[in-house]
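Trainee: Have a look at this fold, sequence not included:
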């Protein structure tokens, strides 16, 4: 096989491996409740 074909295969394997690595990571975070002061003028219609 030519050198460029081997390099291409290695790059593709690294990319696919990186995708599987990132897909398997636990990235969920608990939602944070944010309280804001709301003026009564905005609630009146």
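Mentor: Received it, and whenever you're ready, just let me know what you need. Keep in mind the model is a prediction, meaning the values are calculated, not measured.

Trainee: residue ranges for the helices of this structure, please.
Mentor: 3-24, 40-43 (DSSP state H).

Trainee: Between those, which one is closest to residue 33.
Mentor: In terms of C-beta to C-beta, the element of these nearest to residue 33 is helix 40-43, at 19.8 Å. Where C-beta positions appear, they are placed from N, C-alpha and C, glycine not excepted.

Trainee: for the record, mean pLDDT for the closest one?
Mentor: Average pLDDT, helix 40-43: 70.

Trainee: hang on, the earlier thing: Serialize the helices of the chain to a markdown table and add fields for mean neighbour count and distance to residue 32.
Mentor: Below are the helices of the chain laid out as a markdown table (neighbours: other C-beta atoms under 10 Å; distance: least, C-beta to C-beta, whole Å):
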| stretch | mean neighbour count | distance to residue 32 |
| --- | --- | --- |
| helix 3-24 | 10 | 24 |
| helix 40-43 | 6 | 23 |
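
Trainee: ok, of the ones you listed, where does mean pLDDT dip lowest?
Mentor: For these, where the average pLDDT is lowest is helix 40-43, sitting at a mean of 70.
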